[in-house]
Structures are given as structure tokens and as C-alpha cells.
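> need a 3D model of the following:
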Amino acid sequence: MKELDRQEAFELASPYPYVLAVTLDRRDRPNIIGLSWWMFTSWSPLMMAVSVGRERYSHECLEHHGEFVLCFPSEGQEKDAWTCGTKSGREIDKFKDTDFKAVPSRVVKVPTIGGVTVSFECRVVNRVETGDHTVYIADVVSICGNTDKVRHLYSIHYRKLISIGSDCGINMDLTY
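Prediction:
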């Protein structure tokens with residue numbers, strides 16, 4: 001084994017499940033951010049956490065409105081998912097500038113994204129400051145999904161997306 005720099009380690013450890021977090025801004029306008037830094041934190045009650053850079057527009061949204069919907073984009077949503085991970089909601093309306101459709105959530109005020117594999121509606125219960133990011137810890141208050149869309153997206157080296165399904169099938173032709 002040899003010592004690695006951060007970029008080498010990230011590349012060797014990939015792929016990372018790629019998710020989209022939908023938030024609301026001060027005007028209750030929905031915003032979408034692409035994330036690879038998320039995790040489950042508890043089974044009972046079911047809880048999740050996302051890590052968001054403090055300079056990000058979505059950080060501002062989460063500070064204003066303590067709910068989010070964590071969506072696993074499905075195969076076919078790569079282009080729009082990539083846009084949401086590379087463009088700022090301060091400058092564009094991601095629901096207007098992509099083919100994503102906002103769908104009312106079951107419990108939270110924040111909408112979910114139509115056509116995703118699965119979505120977790122979350123309410124923030126705690127925040128932890130970690131260097132240049134804030135980790136938002138949330139209760140999962142509702143879960144929905146599409147059992148016919150089992151292939152969702154993974155980030156490869158934080159540079160492209162591929163789809164991998166629950167059947168472990170990989171489609172390498174879907175990179176962006």
C-alpha cells in the first residue's frame with residue numbers, strides 16, 4: 001500500500017450513489033442540488049444526513065426551511081441530474097431549466113422530483129458544523145418510489161454519472 005492524495009483516494013473509492021436534494025428558498029421556490037455526501041444515520045427511527053457546503057445556495061435554503069426531499073434520480077435523468085449538480089440555484093430555476101417535474105410530497109412542503117427511483121421526505125432535527133460543510137441530520141417522514149425504475153445514478157470520480165440497478169446491472173453508455 002502507498003500513501004494517496006485525496007483525489008486518488010476519491011477515484012479509487014468511487015462510484016458514489018448520486019442523489020438530488022430538493023429544498024425551498026426564502027420565497028418557497030424549490031431548488032435542487034446534486035450530492036454524493038449523504039448517509040443513513042439510524043434505523044429506528046429512520047434518519048438520514050446530507051452534507052452541504054456553507055457557500056452553496058442549498059445551504060441557505062436548508063437554513064431557512066428545515067425540510068428536504070432526497071431523491072435518487074433514475075436512468076434517463078442523467079443530463080438534468082448533472083445540471084442540478086453543476087449549476088447554482090442562485091442563477092437558474094432548476095425545475096424550469098430541466099425536464100424535471102415538481103410533484104407534491106406526501107408530508108413535507110418541499111416537492112419531490114417526478115420519475116425518480118426513490119424519494120425520502122425529511123425534516124431536519126440537528127445540524128453539525130464540519131469544516132466548510134454543515135451536516136443536516138433529519139427524520140425520514142415519508143418514502144415513495146417507482147419499482148419499475150430500479151436503475152439509479154452513481155458518480156464516477158465526481159466527473160460523470162452511470163446507472164446501476166438493484167440487480168447490479170451496469171449501463172456504461174449513460175455517462176455525462
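> residue 9: helix or strand, and which one exactly?
helix 6-13 (DSSP states H and E).
> same question but for residue 76, I mixed them up
Using DSSP H and E, no helix or strand contains residue 76.
> so what's it up against?
Taking Cβ atoms under 8 Å, 6 or more residues apart in numbering as the criterion, residue 76 is in contact with residue 115. The C-beta positions use only the backbone N, C-alpha and C, and glycine is treated the same way.
> I'd like the distance between it and residue 7.
30 Å (Cβ to Cβ, to the nearest Å).
> ditto for residue 98
29 Å.
> repeat for residue 114
Residue 114 sits 35 Å away from residue 7, going by Cβ to Cβ.
> and for residue 123?
Taking Cβ to Cβ as the measure, residue 123 falls 35 Å from residue 7.
> more neighbours, these two?
Between residue 123 and residue 7, counting by other Cβ atoms under 10 Å, residue 123 is the more crowded of the two (16 against 10).
> any idea of the pLDDT on that one?
With respect to pLDDT, residue 123 scores 98.
> ok, the one 10 residues further on next?
In the predicted model, residue 133 carries a pLDDT score of 97.
> list the contacts for it?
Residue 133 touches 37, 51-54, counting by Cβ under 8 Å, 6+ apart.
> just the buried ones from the residues you listed?
51-52 (16 or more other Cβ atoms under 10 Å).
> could you dump the helix or strand that contains residue 139 to CSV, C-alpha only?
According to DSSP H and E, residue 139 maps onto strand 133-145. This file holds the C-alpha atoms of strand 133-145, laid out as CSV (Å, rounded to 0.1, in the frame of the first residue of the first chain):
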residue,chain,number,x,y,z
HIS,A,133,-19.8,22.0,5.4
THR,A,134,-22.8,21.6,7.5
VAL,A,135,-24.2,18.1,8.1
TYR,A,136,-28.0,18.2,8.3
ILE,A,137,-29.4,15.3,10.2
ALA,A,138,-33.1,14.6,9.5
ASP,A,139,-36.0,12.3,10.4
VAL,A,140,-37.4,10.5,7.4
VAL,A,141,-41.2,11.2,7.5
SER,A,142,-42.3,9.5,4.2
ILE,A,143,-40.8,7.4,1.5
CYS,A,144,-42.1,6.8,-2.1
GLY,A,145,-40.7,5.4,-5.3
